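K.L.:
Return atomic coordinates for the entry below.
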Amino acid sequence: MDLDVYVTAHRAEWERLDHLLGRGRKLTGAEADELVALYQRTATHLSIVQSSTPDPLLTARLTQLVARARAAVTGTRRSSWRDAVRFLTAGFPAAVYRSRHWWVPTAVLSTLLAVLIGWWIGTHPEVQASLGASTDLREMTRPGGQYETYYSSHPAASFAAQVWTNNAQAAAMCLVLGAFLGIPVLWILFMNMLNLGVGIGLMSSAGRLDVFLGLILPHGLLELTAVFVAAGTGLRLGWTVIDPGPRTRRAALAEQGRAAVGMAIGLALVLFVSGLLEGFITPSGLPTWARIGIGITAELAFLTYVYVLGGRAARAGDTGDLEEPDRSATLPTAA
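P.N.:
Sure, this is the predicted structure:
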């Protein structure tokens, strides 16, 4: 396509659209109809330019023009509490529910890996010796040792905030780095499971696995579930790069990427709850059965939230994506 010829052929339409958008007074009915028609045609022109001869200056000009026209046609929209409620009751749980075929297998396989690593370390003294000096390992696993005092080494509020920040960053990395074919996500998962497996192995070799589980389960069930959801979503995003399905790769990645952003916000709230559990419940003086019971209750509440509210929203067509008025036009049509 000859770009100069194309610009010459359509420049008058773009200038007319710009003129209508710059009018200070309210448009007449005929002018409003003309604006809509010019908006549709200019959106098509932008799509053609982007796919054929992506000139940066022309693309930027048309993108700005289409955005202004779209705002004029659809009207500005402000976020409200209704949007937040819809996100928490439909958008987020629907997105988690729809990605369950990715994060549930991720959770099962990752947990098995952590158990396998723990068994390997716990039954092989030579592997334990490679992890550190015997005196250091005894200091870590003894009653009142590092594994037990870790959760009460700082004030509960600041510890909960630190844990929440670290976990939210890990979840966000899984979501963002998933676009790199999911490879960084696998590494993040492996390091998390390795740390968990080391704790299982060392504490089981010291005969104190029950103590370790009593410290991990109150907050770890919900925390790890959030990490698995983030990892599964990141892997799904990576697979979209390889196989976008019937849509264009750009459209598929845009949809999955928007859902991933929403997922990051929702998981930050879930990890905030797990951080509170880790900061206030795990190191508390409650009996072990009570602490574990609180952790199981929180986990079951989250799964119920996903499978009941999320399943209902997903069956109603909610994908966790932005609402239609807030999305960019993907299939512009000419008038």
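K.L.:
Buried residues, stretch 237-247. List them.
P.N.:
Buried residues in stretch 237-247, counted by 16 or more other Cβ atoms under 10 Å: Leu237, Gly238, Trp239, Thr240, Val241, Pro244. Where C-beta positions appear, they are placed from N, C-alpha and C, glycine not excepted.
K.L.:
distance between the helix or strand encompassing the second one and the chain's centre?
P.N.:
Assigning secondary structure by DSSP states H and E places Gly238 in helix 209-242. Between the mean C-alpha point of helix 209-242 and the mean C-alpha point of its chain there is a distance of 12 Å (Cα atoms, centre = their mean, to the nearest Å).
K.L.:
I'd like to know which elements it is packed against.
P.N.:
Judged by 3 or more Cβ pairs under 8 Å, 6 or more residues apart in numbering; DSSP states H and E, the packing partners of helix 209-242 are helix 100-122, helix 146-149, helix 156-177, helix 183-205, helix 249-276, helix 288-304.
K.L.:
Where does pLDDT dip in the stretch 201-335 of the chain?
P.N.:
Along the stretch 201-335 of the chain, the model assigns pLDDT under 70 to residues 321-335.
K.L.:
how about 80 then?
P.N.:
For the stretch 201-335 of the chain, the stretches flagged by pLDDT under 80 are 245-261, 319-335.
K.L.:
thinking again about what came up before, of the helices and strands packed on helix 209-242, which is nearest Gly320?
P.N.:
With Cβ to Cβ, the closest approach to Gly320 among the helices and strands packed on helix 209-242 belongs to helix 249-276: 4.2 Å.
K.L.:
Quick one: list the elements packing against that closest one.
P.N.:
Applying 3+ Cβ pairs under 8 Å, 6+ apart, we find helix 249-276 packed against helix 92-98, helix 156-177, helix 209-242, helix 288-304.
K.L.:
For Met140, state which of the buried residues of stretch 237-247 is nearest.
P.N.:
Met140 has its nearest neighbour among these in Gly238, at 35.8 Å by Cβ to Cβ.
K.L.:
Now that closest one: closest residue in space that isn't a chain neighbour?
P.N.:
Nearest non-adjacent residue to Gly238, counting by Cβ to Cβ, 6 or more residues apart in numbering: Gly182, 2.9 Å away.
K.L.:
Torsion angles phi and psi at the one you found?
P.N.:
Backbone torsions of Gly182, given as degrees, to the nearest 10, read phi 80, psi 0.
K.L.:
Check what pLDDT it gets.
P.N.:
Confidence at Gly182, expressed as pLDDT, is 83.
K.L.:
ok, now the one 10 residues further on?
P.N.:
Predicted confidence (pLDDT) at Asn192: the value is 90.
K.L.:
residues near the residue nearest to Pro218 when sequence neighbours are not counted, how many?
P.N.:
If the residues on either side of it in the chain are set aside, Pro218 comes closest to Gly295, at 3.8 Å by Cβ to Cβ, 6+ apart. Residues near Gly295, counting by other Cβ atoms under 10 Å, number 24.
K.L.:
thinking Gly295 is in contact with Ile281, fair?
P.N.:
Yes: using Cβ atoms under 8 Å, Gly295 is in contact with Ile281, at 7.5 Å.
K.L.:
Now the common contact residues for these two.
P.N.:
Common contacts of Gly295 and Ile281 (Cβ atoms under 8 Å, 6 or more residues apart in numbering): Pro218, His219.
K.L.:
Tell me the spacing between Pro125 and Leu202.
P.N.:
From Pro125 across to Leu202, the span is 11 Å (Cβ to Cβ, to the nearest Å).
K.L.:
So those two - more neighbours on which side?
P.N.:
Set Pro125 next to Leu202 and count neighbours by other Cβ under 10 Å: Leu202 wins out with 23 against 11.
K.L.:
Who's the closest spatial neighbour of that one, skipping the chain neighbours?
P.N.:
Nearest to Leu202 is Thr141, by Cβ to Cβ, 6+ apart, at 5.4 Å.
K.L.:
Next: Trp119.
P.N.:
Leaving aside its sequence neighbours, Trp119 sits nearest to Gly201 (Cβ to Cβ, 6+ apart; 7.1 Å).
K.L.:
What's the separation between the one you found and Ser130?
P.N.:
Per Cβ to Cβ, Gly201 is found 12 Å from Ser130.
K.L.:
okay, the two: which has more neighbours?
P.N.:
The neighbour count for Gly201 versus Ser130, taken as other Cβ under 10 Å, is higher for Gly201 (26 against 9).
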